[in-house]
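Fold the following, please.
(2 chains)
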Amino acid sequence: MTTVAAQHDESKAQYFWVWAVLLLLTAVEVVLAYRQVFQPVEMLEALMTLSVIKSALIIGYFMHLKYEVRPMKWVLMTAVIACLCFMCIFFADAFRIVELGVR
Amino acid sequence: MGDIAVPHGLAEAYEPSLFGTYSKKIGMWLFLLSDSLTFGALLFAYSYGRISNPQWPTPFHKESILNATVMTGCLLSSSLTMVLAVLAARRGDRSWTRNWILFTMLFGTAFVLLHALEWSKLIAQGMTPFKNPWAATVPQFGGTFFTLTGMHMLHVTIGVIYLGVVALRKKWLPTLLLLWLVAWWLTSPDNVFHIGVHVLLLGVVVSGMVLFLKPKDYDAHDVEIAGLYWHFVDLVWMFIFPLVYLMSTRVTG
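Numbering: from 1, shown residues only, chains lettered A, B, ... in the order given. Model (predicted):
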């Protein structure tokens, strides 16, 4: 197997920390949902915020995007930004139906 | 750094990549970029229905949420073992690369089994892609749920097969064939997975074609690319879990 030197400092400890934070955030999500801490709309916002934080940790550390060059980061972030834009359009329209009905 | 070696003296003739990395990795990132839009569409279809229908079913009681939480733990832990496999591959430690990948496959298999159990329970309660026993006015619940989670389950299964090819190469084929036979034998003919397990047989055929038509020693780059795919599968679940399960929790159940 070819040995490939990493172009950045990596330690096992940082991956264990990321894993622990991801598990902790998952536990927070479950507690929020199961105790019905927020009303549905606020709950959706809270859960999506936590999910975006978790996905940023996975993309940045586990998928090593943090260590890629700037053009790579920008090209790949277009998909994430597109998804978030779609989310703003679709979710807002779904709320409109609840409040105004189907027209 | 592709598969074909550039003859000595010609390397300088090529401009360095704009993305500062090897072409196979860029290819996998671009595939994941397109796949993220596919999953985005399925997630939005489910969530749109969830938000716009006040009668949307909330069938996920304590046992289901606990099951989905354990599944999430399995995927997060598999991502940790995968990144440890990438580190071992970079060190050139072949033995630990294989071991960490095998742990990843174990967590991935546990995820698929738990998910199949969850599906079987919902189907036993009368849920199909076209109707559900909880809200007759919301028939799209089953369709959007099974499409979204089924697509993800398929990705995890393909991921386990892919990792098996990278870690075990030709030794993986008889193991996968045995897994297919056992899974087919253990599921009753009226179970949806009695047909679904044929994905494993398809995996044997495709893996066999890859391993026999282009035999190679998978290096650290191949492990890293397989890792990218695996982390993406984990990433998608980070949105499915809250949107599908946590937003449809039945507290009283």
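
for B:Val223, what are its contacts?
B:Ala85, B:Val86, B:Ala89, B:Thr97, B:Ile101, B:Val166 (CB atoms under 8 Å, 6 or more residues apart in numbering or on different chains). All C-beta spots, glycine's among them, are computed from the backbone N, C-alpha and C.

same check, this time on B:Met127
Contacts of B:Met127 (CB under 8 Å, 6+ apart): B:Pro59, B:Pro133, B:Phe141, B:Gly142, B:Phe145.

most centrally placed residue in the chain?
Picked chain A for this. A:Val52 (2.3 Å; CA atoms, centre = their mean).

wrong one, chain B
Residue closest to chain B centre, computed by CA atoms, centre = their mean, is B:Val156 at 1.7 Å.

What separation do you get for that residue and B:Val138?
27 Å (CB to CB, to the nearest Å).

Where does pLDDT dip in the chain?
Just going to use chain A. When residues are selected by pLDDT under 70, those of chain A lie in A:1-9, A:100-103.

let's do chain B instead
For chain B, the ranges with pLDDT under 70 are B:1-14, B:251-253.

Walking through it, point out its helices one by one.
For chain B, helices defined by DSSP state H occupy the ranges B:23-52, B:62-91, B:94-124, B:140-168, B:172-186, B:193-196, B:198-213, B:220-240.

Just give me the neighbour total for B:Leu102.
15 (other CB atoms under 10 Å in any protein chain shown).

What of the one 10 residues further on?
B:Val112 is surrounded by 19 other residues when neighbours are defined as other CB under 10 Å.

quick one: stretch A:32-43 near chain B?
Yes: Stretch A:32-43 lies within reach of chain B by CB under 8 Å from any CB of the partner chain, at A:Leu32, A:Ala33, A:Tyr34, A:Gln36, A:Pro40, A:Met43.

what's that stretch in contact with?
With CB under 8 Å, 6+ apart as the criterion, stretch A:32-43 contacts A:31, A:45-47, A:95, B:51, B:62, B:65, B:242, B:246-247, B:249, B:251.

Max pairwise distance over those: which two?
A:Phe95 and B:Lys62 (28.6 Å; CB to CB).

hmm, stretch B:98-111 touching chain A?
No: Stretch B:98-111 stays clear of chain A (CB under 8 Å from any CB), getting no nearer than 9.8 Å.

Please point out which parts of that stretch sit buried.
B:Arg98, B:Asn99, B:Trp100, B:Ile101, B:Phe103, B:Thr104, B:Met105, B:Phe107, B:Gly108, B:Thr109, B:Ala110, B:Phe111 (16 or more other CB atoms under 10 Å in any protein chain shown).

Among those residues, find me the one that's closest to chain A.
Among the buried residues of stretch B:98-111, B:Arg98 lies closest to chain A (CB to the nearest CB), at 9.8 Å.

quick one: the helices in chain A?
A:12-34, A:40-57, A:70-100.

helices or strands up against the longest one?
Helices and strands touching helix A:70-100, by 3 or more CB pairs under 8 Å, 6 or more residues apart in numbering or on different chains; DSSP states H and E, are helix A:40-57, helix B:23-52.
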